[in-house]
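Q: Coordinates for the following, if possible.
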Amino acid sequence: MARKAPLGPNFTKLFSASVASNLADGLGRTAVPLIATTLTTDPVLIAGIGALAFVPWLLFGVLSGVVVDRVDRRYAMAIANGLRVVAAVGIALLITTGTITIWWLYAAVLIFGLAETVYDNATIAVLPSVIPKGGLERANSRMQAADGVVQNFIATPIAGVLFAMAIVLPVWSTAAGYFVAGGLALMLPLSAARAFREGAQPQSAQADVREAFGFLLGHRFLRDLVLVASIAGFALSLAQATSILFFLETLAVPVVAIGFVTAAIGVGAVIGSLLASVLVEWQGRGRVMFGGMIVCGVALVLTGLAPNVWVAVPFYALSAFGVAVWNVSYGSLRQELIPGALLGRTVGVIRTITWGVFPVASVVGGFLARIDLRVPFIVGGAMTVVVVVLAARLLLSASDQSAPEEPAA
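A: Next comes the predicted model:
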């Protein structure tokens, strides 16, 4: 077998920035729900944390994509992380002064989400420009595996321990992580900054958005795939909306151990991320995407039915494996099918559509959890399986899709 070309030093720089940002994400995503549990025990209000995290994608996802395709993407990443630093510091100060409320926490989550729309769109758009041709699957696999390792095995357990020591400690750590990530983004090469070819004529923001929507609507396979991903995403978000309460209350996991439980679940995500590119080479994207989501749905149902934490965690980890395999394959496919100059905007449109349903799903999951904290897992997992089976023909055809020819510079 021929040795594959290395991904190169520019990928290493992007990878390093992503690791730092993911460290901050992991700390924040564990700390914020835990802080919320000290302010309320209402499942709907707790689920609101997850719902609000995706509202910015509904409101600003497309606009952030336009920005990413118009400005220096390195600066966009740095400024987005700077905004998250300000939000984290604000929450830390409110906790320190004893004036924190659930509503301030909601406001911070909205700011984190707004910055995330810019940072994530920029990262996705930058990736193809810093790796050799044919390296997307490997690059996405490593990025997502690092995401899982950092968030689940490093950040999340640390956040749980820091929270047990003092509520404010993981929040300050989150701010520090975003600060470092912003600085690392500025070290990316000039090739990562440019969105358009030399000589391209500027156009209005409205025209940028129309062009992205026009491309997506005109690409029948991608359009249909986004619809399937949106429905499946709704089901997954519904299932996971109150997962922290499920572990804390139904399965009686101590607060200090919640980070370690999450880390154990993350084993599945990391393994799935690392194996995704190998599985795609062996079976093709279509079969891998289909199989990954079937595994995810069935495992979520079994998680909801689990009698104790020792049974629930392995099944939840298996569902994370399926999601990771899907994410690597789906993400790489989008990056191949969408022209580079349209990538930021089109991904913004796709995420606005797909992630725009997540807030509604999280709230629905919260109301289902009022019946029983197991119900969201069972309903969401079953929905996932049904949707994927109905879309089997579309998903299996993913292996036959080809990338467009890029015009000469």
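
Q: Now do the contacts for the closest residue to Leu337 other than its chain neighbours.
A: Taking Cβ to Cβ, 6 or more residues apart in numbering, and ignoring the residues beside it in sequence, Leu337 has Leu222 as its nearest neighbour in space, at 5.6 Å. All C-beta atoms are positioned from the backbone trio N, CA, C, and that covers glycine. With contact set as Cβ atoms under 8 Å, 6 or more residues apart in numbering, Leu222 has these partners: Leu216, Arg334, Leu337, Ile338.

Q: let's go with 10 Å and repeat that
A: Phe215, Leu216, Leu333, Arg334, Leu337, Ile338, Thr346, Ile350, Gln401 (Cβ atoms under 10 Å, 6 or more residues apart in numbering).

Q: next one: Arg84
A: Arg84 makes contact with 21, 24-25, 28, 108, 111-116, 119, 174-175, 177-179, 181-182 under the criterion Cβ under 10 Å, 6+ apart.

Q: at 7 Å what do you get?
A: Taking Cβ atoms under 7 Å, 6 or more residues apart in numbering as the contact definition, Arg84 lies against Phe112, Ala115, Tyr178.

Q: same deal with Val298?
A: Gly381, Val385.

Q: what is the rounded mean pLDDT of stretch 179-195?
A: Confidence over stretch 179-195 (mean pLDDT, whole number) is 78.

Q: Same question for stretch 109-125.
A: Over the span of stretch 109-125, the pLDDT mean works out to 87.

Q: okay, now Leu190: neighbour count?
A: Burial of Leu190 is recorded as 9 neighbouring residues (other Cβ atoms under 10 Å).

Q: For it, give me its contacts.
A: With Cβ under 7 Å, 6+ apart, Leu190 has no contacts at all.

Q: one more time with 10 Å
A: Leu190 makes contacts with Asp72, Arg74, Ser129, as judged by Cβ under 10 Å, 6+ apart.

Q: Among the contacts of Arg84, which lie within helices?
A: In this view, the contacts of Arg84 that belong to helices under DSSP state H are Phe112, Ala115, Tyr178.

Q: By neighbours, which of those residues wins?
A: The most neighbours, when these are compared by other Cβ under 10 Å, belong to Tyr178, which has 29 neighbours.

Q: in terms of contact, does that residue touch Val85 like I think?
A: Yes: in this structure, Tyr178 sits in contact with Val85. The criterion is Cβ atoms under 10 Å, and the distance is 4.7 Å.

Q: next structured bit after the helix or strand harbouring Phe15?
A: Element membership of Phe15 [criterion: DSSP states H and E] is helix 9-39. Read in the C-terminal direction, the helix or strand following helix 9-39 is helix 43-70, with elements assigned using DSSP H and E.

Q: Quick one: list the elements packing against that next one.
A: Using 3 or more Cβ pairs under 10 Å, 6 or more residues apart in numbering; DSSP states H and E as the contact criterion, the secondary-structure elements in contact with helix 43-70 are helix 9-39, helix 73-97, helix 102-126, helix 205-218, helix 220-240, helix 243-245, helix 343-355, helix 358-371.
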